[in-house]
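[1] Sequence below, structure please.
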Amino acid sequence: MKQQDPPRVIDARYMAPPEPLEATLAMLGTLLPGETMLLRLFREPHPLYSVLRREGHSWHSELRPDGTFDILITCAGASMAEGPGA
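    Model prediction:
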């Protein structure tokens with residue numbers, strides 16, 4: 001089995017809106033189906049979830065002990081989009 005490369009990371013914790021959304025969409029545009037990226041924020045990006053759902057991307061969010069949300073996003077083509085809490 002081929003080991004998947006680590007995801008590309010956007011640490012957007014100190015970016016001002018709308019920079020995190022813009023950076024995320026720009027990076028998503030460079031990914032192939034099934035490739036992943038990691039977005040780090042201090043809040044859940046609910047507007048981004050709507051865009052990801054509409055475009056068929058999947059994601060999983062995790063709240064870390066330091067208050068950071070890690071959102072692992074998989075480019076469309078690998079699986080169906082998750083909803084909140086999935």
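[2] give me the element the most centrally placed residue in the chain is part of.
    For the chain, the residue nearest the mean C-alpha position is Ile73 (3.4 Å; CA atoms, centre = their mean). According to DSSP states H and E, Ile73 maps onto strand 69-74.
[3] Tell me which residues are up against that strand.
    7, 24, 28, 34-45, 48, 52, 57-64 (CB atoms under 8 Å, 6 or more residues apart in numbering). Bear in mind the C-beta positions are built from the backbone N, C-alpha and C, glycine included.
[4] Of those, just the buried ones, PyMOL syntax please.
    Written as a PyMOL command, the selection of buried residues from the contacts of strand 69-74, which uses 16 or more other CB atoms under 10 Å, is:
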select buried, resi 7+24+28+35+36+37+39+40+41+45+48+52+57+58+59+61
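[5] mind checking how far the residue nearest to the centre of the chain is from Ile10?
    Using CB to CB, to the nearest Å, Ile73 is found at 10 Å from Ile10.
[6] joint contacts of those two?
    What both Ile73 and Ile10 touch, as defined by CB under 8 Å, 6+ apart, is the set Thr24, Met37, Leu38, Leu39.
[7] Retrieve the pLDDT associated with the closest residue to Glu35 other than its chain neighbours.
    Take Glu35 and drop its neighbours on the chain: the residue closest to it by CB to CB, 6 or more residues apart in numbering is Cys75, 5.1 Å away. In this model, Cys75 is scored at 95, pLDDT.
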